[in-house]
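how would this look folded up:
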Amino acid sequence: MPTHVLAEAHGDETGALLAFLEAQRGGLRRALLGLTDAQAAERPSASELSLAGLVKHVAETEQGWVETAQGLPHSIERDQSTWHLSFRLEDGETPAGVLEFWEGVAQRTEKFIRSVPSLNDTFALPEAPWYPPNARQSMRWLMLHLIEETARHAGHADVIRESLDGRTAFELVDEERAGRERTAGE
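Numbering: from 1, shown residues only. Take a look at the predicted model:
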């Protein structure tokens, strides 16, 4: 990981998990820095993955998991016939719009996780052939799963971005930092 996650306040496990999730989100967001919408939608490898599609997928997945943990129906339903749509922009969707959607999801995730009395609290997993019957998981598991999911796709994003224009995650961290410093100096 090319950034350092600041230590949480002593004993703030929730804060630490949220900080690590945000660090992985940052890696995915940075992969889009300076790209046109067309570049963000390109699929430069044998994979069907694009940077914009990865952001959309991770945002939808995070939202779905948090809704599951809250016992709510999913705002965006996907099944085998529509799963592929979570990985690509549809008519009218833009990288900026997907990033904005994800920002809202991230805010709702943090609000929810900070509201649970304990990371040991559990929620029911949906019925699926890959989960045991009547399975439950903790909020801690939810956070670790979101970190895992986001990190996996942030790694994909690193490869896709480097395939597009040769820019690496380290260069993008520097570019983002320089942009923040310029903005602060204005």
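
which residues sit against stretch 10-19?
5-9, 109-110, 113-114, 119, 140, 143-144, 147 (C-beta atoms under 8 Å, 6 or more residues apart in numbering). Where C-beta positions appear, they are placed from N, C-alpha and C, glycine not excepted.

next one: it to chain centre, how far?
Between the centre of stretch 10-19 and the centre of its chain there are 18 Å (C-alpha atoms, centre = their mean, to the nearest Å).

hey, where'd the strands end up in this structure?
122-124, 136-138 (DSSP state E).

residue 49 is nearest to which of those strands?
strand 136-138 (27.0 Å; C-beta to C-beta).

which pair of the contacts of stretch 10-19 spans the longest distance?
7 and 109 (20.9 Å).

and these two? which has more neighbours close in?
Comparing residue 7 with residue 109 by other C-beta atoms under 10 Å, the one with more neighbours is residue 109, at 22 against 10.

roughly how far apart are that one and residue 69?
9 Å (C-beta to C-beta, to the nearest Å).

thought residue 49 was touching residue 160?
Yes - using C-beta atoms under 8 Å as the test, residue 49 is close enough to residue 160 to be in contact (6.3 Å).

can you work out which residues contact both of the two?
Common neighbours of residue 49 and residue 160 (C-beta under 8 Å, 6+ apart) are residue 43.

okay, the two: which has more neighbours?
A count of neighbours by other C-beta under 10 Å puts residue 160 above the other of residue 49 and residue 160, at 22 against 19.

which residue, other than its chain neighbours, is closest to that one?
Leaving aside its chain neighbours, residue 160 sits nearest to residue 51 (5.5 Å; criterion: C-beta to C-beta, 6 or more residues apart in numbering).

OK, contacts around the one you found?
Counted by C-beta under 8 Å, 6+ apart, residue 51 has contacts 31, 32, 35, 39, 40, 41, 42, 95, 157, 160, 161, 164.

having no further points to raise, I will conclude here.
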